[in-house]
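Colleague: fold the following for me, if possible:
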Amino acid sequence: MQSLATEVWSYDKCGYAFMGEQNSFYFHNLSDFSDPTFANQVPIVLDYAIGNQSCVQAQNSNAYLCLPNNTLCTNNTDSGSGGYLCSCENGYEGNPYLSPGCTDIDECEDTHLNDCDGNATCTNTPGSFNCSCNPHYFGDGRSDGRGCNPDQASQISVIKLSLALSFGFVSFLIGVSWIYSFINRRKLIKLREQFFQQNGGLLMKQKISSIDGTSAETSRIFTAEELKKATNNYAENQILGRGGYGVVYKGILPDQRVVAIKKSKVMDANQVEQFINELVIVTQVNHRNVVKLLGCCFESEVPELVYEYISNGTLFQHIHKPLSWLTLEHRLRIAVEAASALSYLHSAASIPIIHRDVKSANILLDANYVAKMADFGASRLVPLDQTQVTTLIQGTLGYLDPEYFYTSQLNEKSDVYSFGVVLAELLTGKKPICLERSQEERNLATYFLVSMKENRLYQILEPRVVKEGTLDQLQAIGELVKRCLCVKSEERPAMKEVVVELESLRKYRKDPWINQQSHEESESFLSDKAPTDIYALSIGPSTGNISGQYSFGSSTTFPLNDNCGYAFMGEQDSFQYSNLSVFSDPNFMSQVPIVLDYAIGTQSCAVANNSNAYLCNPNNTLCSDNTDSSGYGGYLCSCEYGYEGNPYLSPGCTDIDECKDPNLNDCDVNAKCKNTPGNFTCSCDHHFSGDGRRDGSGCTRQASQIPVILGLSFGFLSLLIGVTWMYSCINRRKLIKLREQYFQQNGGLLMQQKISSIHGTSAESSKIFTAEELKKATNNYAEDRILGRGGYGVVYKGILPDQSIVAIKKSKVMDGNQVEQFINELLIVSQVNHRNVVKLLGCCFELEVPELVYEYIPNGTLFEHIQKSLSWLTLDHRLRIAAEAAGALSYLHSGASIPIIHRDVKSANILLDANYVAKMADFGASRLVPLDQTQVTTLVQGTLGFLDPEYFHTSQLNEKSDVYSFGVVLAELLTGKKPICFERSQEERNLATYFLVSMKENRLYQILEPRAVKEGTLDQLQAIAEFVKRCLRVKSEERPTMKEVVMEL
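Modeller: Numbering: from 1, shown residues only. Sure thing, here's the model as predicted:
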């Protein structure tokens, strides 16, 4: 055999090569390729044999090629030219020519390679395998032989023995189970009693008993057991929603009342009394448009609140459905109801309540689509002798009052601003904040005000709203929204005024034939022609409905010979035409008897139903008496629930097939929808059980039945004897499995792969720790090991086995969709190498929340040292620390392999090491910026007082956002004042604003710390202050870069 490669590629790319026998083809020159024989056939090797000797002859020669172990030699009998071939013996595989040759096949590993019976054990042997029957079975163990048959006598003996042995332990087992259950129950009762007292249950009881019986009845204290049963042990399918203040479950009480049960967040023990006082007030709130708080439970670690159940979801969901059912009338009605609720809370409740988180997601719609104001998780009570209170900022981005954000002064007008955003949302159908929209349109409140200013209101309104409203009406609503969104709270209307204005705006009516746009009806139930210019069209009793503002009417198309003519619809006896002079009548010019509303006849439904003139179709219709202010009586017809159509004309009201439109039914994804007359049913698919409803018990997969075996008693006995050991093993295995699950879920495998793909040095610095290592390092996360708590987790001091001290940070729960991004960012940050940046040493993925391990910095935060009553910081120290922190940020922005924006620069995130050298820490909010981008769009994160206002309003993050925050740190270093302090006067509350105003009014030296004034020169301090001023500019492009900051410092 010979390998032939003709290397002609460099000069002849049309060349080729083939494999042939050495002596069968000789290449002379290019003329060989024009040989006709070569054109038809080439001597390619298609089969082979070794030599021309037989196996016996070759074995006695030195040229025998078959390996000695587990091989077979076969004589070649195909070509007649002799030779031999080598192959592996049966039960072996591999290359019989080359070492290690033929190796044993383990037939037991692959069930296709052995024929052992299902009740037999396979044992591998060299070149073969054995099948042996399991204990209590007999036979040859082969599925194609006698197999393995049960040994009846042996089985009966084992059963007797196991029953006899287990019987003696039955009483012991019952006793152990009872004691274990009793101890656990006692522990649970003690724990619930502890939580009841800790969460203020006794105080709540006392408050309830001090108010009258009716109120006390509405403020019930539930037990933990009641709520556990009501929620089916807090089953996942009972979850109605998750919010900023807890998780809400659907519950069914013993009296079959459906309620919403809300698990609140952990409460500060110092605020128990205030929490109870507020809870008592809120339970006494009684308004048809406020979700009623029915009671609470204090026996859990976190108090649970019980509200009335509201079935039709949130206003937000209905506004942003692809095909929303909300007409303009519906929107205005819901707005009036929500405004009434807020007006009641502000001015009619016994103590004024500011909601503080008004948004469309907190306006629920009940079974009749009546609005209910919900979610008082952020609400604050306002004492009657105060108009505002000072609070930490809470609320939802897009709805948050900018004045409240900047001053922390909360008053009822903060709710008015948020309600203005809800009104804008109702009118436009747009979300309050949408990062997918252009920058101009991103913030709905700003976009709405700009559109009003530029007279572009109708361009941003939802088409249906424009179609259904009048110009005056929509303009008036727009002006009301504009007033609600005024930046200054004193210029906004009170909620009382909002209610009055919205009520008056609802009274606008729009006749079907008056429209800003041309509109033509597609059907005409009454028609006639007349040669005269004016003609009275009689409306008989069989006339039906047409769609539009008024349900009863006629065609709006009136063909007239005279182009100056017009038509109107009036009652027959209210207008009589005699001649053209009637149109010169001054009374006719000022008023025309137009029909704006109607009812059929003057009889009630009950009377008309017994007469021949009853117009309601007999099938699936409802009759309602006319009760408006006219006093004429009469009745109206409408379709029953679940039907649609014309209730007056055949075929009348027809069934709505809710199953065709998923928005009309609430069947679970694992259920089938079946239409029924006027309704629908949901039935779970095969192998699922439940009521089939998304807002019910849904459809859950049925557990398969586990077969009962005769040897249960023996296993039961074994379990009893080794209960402690097995319990420990199971828990350990669960923990290992859980850690493996978290490891994968949190991206541990991805991190390992990334680490192995980068150089050794980097990999060494990015260690993956086990949960056990960190548990030992923190002494099982002991309280005395806590170094601090921040917005992104809790930090513990840890000591590793090599005695190195580290800081271990438990981060918040991570979204599963962001695992890969988290790992990529973690890898980049772990490779950050700068003397003024806290080093990330590694991480642990074996817990529900990933834990990060940083180098330990012993001397606390810069914030602590600035705010000490006798700070050791000289002006030189302050400037050195500022320069070091600026150097770190400059490195992150422009020196790291991928630019990093810190996003939470503040003095509490600048640590001081053993030599008081500054270290930039806490990258919990950091974002990587691709090298080809200058900014990224994010949800706003940061700390009040340090947050860049441009970033807050636009959600556009760039490196200059860190520059603004660093400017606040510099101001803090110079003045010794906190960035936000509610104890200072309103003018001085925000340090950044106060610093700039002082600079403008030439009062700089009045706000600087005395020691800084004493140690610095006038020129030096003025220069630093001017520099701080540049960092704090509102427009980011006018701020310096961190490189420039380092140079100047």
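Colleague: Val862: neighbour count?
Modeller: No Val there; residue 862 is Leu. 26 (other C-beta atoms under 10 Å). C-betas here are computed from N, CA, C, even on glycine.
Colleague: pull the contacting residues for it.
Modeller: By C-beta atoms under 8 Å, 6 or more residues apart in numbering, the residues touching Leu862 are 881, 885, 907-908, 910-912, 918, 969, 973.
Colleague: and the least confident of the residues you listed?
Modeller: Here the lowest pLDDT out of those sits on Ala908, with 89.
Colleague: and for that one, the neighbour number?
Modeller: Counted with other C-beta under 10 Å, residues neighbouring Ala908 total 20.
Colleague: would you mind measuring from it to Arg1011?
Modeller: In this view, Ala908 and Arg1011 are 21 Å apart by C-beta to C-beta, to the nearest Å.
Colleague: quick one: low-confidence residue ranges for the stretch 451-600 of the chain.
Modeller: 508-597 (pLDDT under 70).
Colleague: please enumerate the strands of the stretch 151-300 of the chain.
Modeller: Under the criterion DSSP state E, counting those that start in this stretch, the stretch 151-300 of the chain contains strands at 220-221, 239-243, 246-252, 258-264, 293-297.
Colleague: just send the ones you listed back as CSV, with mean neighbour count and distance to Ala671 too.
Modeller: What follows is these, written out as CSV (neighbours: other C-beta atoms under 10 Å; distance: least, C-beta to C-beta, whole Å):
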stretch, mean neighbour count, distance to Ala671
strand 220-221, 16, 34
strand 239-243, 14, 18
strand 246-252, 21, 17
strand 258-264, 21, 20
strand 293-297, 23, 30
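Colleague: would you map the helices across the stretch 151-300 of the chain?
Modeller: Counting by DSSP state H, counting those that start in this stretch, the stretch 151-300 of the chain has helices at residues 152-198, 201-210, 213-218, 224-230, 272-283.
Colleague: tell me the average confidence for the last one?
Modeller: What that stands for is helix 272-283. Here the average pLDDT along helix 272-283 is 61.
Colleague: just the third one next, same as before
Modeller: Helix 213-218 shows an average pLDDT of 46 in the prediction.
Colleague: also the second one?
Modeller: Helix 201-210 shows an average pLDDT of 56 in the prediction.
Colleague: got it, and the first one?
Modeller: The predicted model gives helix 152-198 an average pLDDT of 67.
Colleague: cool, and stretch 647-664?
Modeller: 88.
Colleague: export it as CSV, just CAs?
Modeller: Presented in CSV, the C-alpha positions along stretch 647-664 are these (Å, rounded to 0.1, in the frame of the first residue of the first chain):
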residue,chain,number,x,y,z
PRO,A,647,-82.2,42.6,21.4
TYR,A,648,-85.0,44.1,19.3
LEU,A,649,-84.6,42.5,15.9
SER,A,650,-84.3,38.8,14.7
PRO,A,651,-82.1,36.8,15.2
GLY,A,652,-81.8,38.8,18.5
CYS,A,653,-79.0,38.1,21.0
THR,A,654,-76.7,35.3,20.0
ASP,A,655,-74.2,33.4,22.1
ILE,A,656,-70.6,34.8,22.3
ASP,A,657,-68.1,32.0,21.7
GLU,A,658,-65.6,32.8,24.4
CYS,A,659,-63.4,29.9,23.4
LYS,A,660,-62.4,31.5,20.1
ASP,A,661,-60.8,34.5,21.8
PRO,A,662,-58.3,33.7,24.7
ASN,A,663,-59.0,37.2,26.1
LEU,A,664,-62.6,36.3,26.7
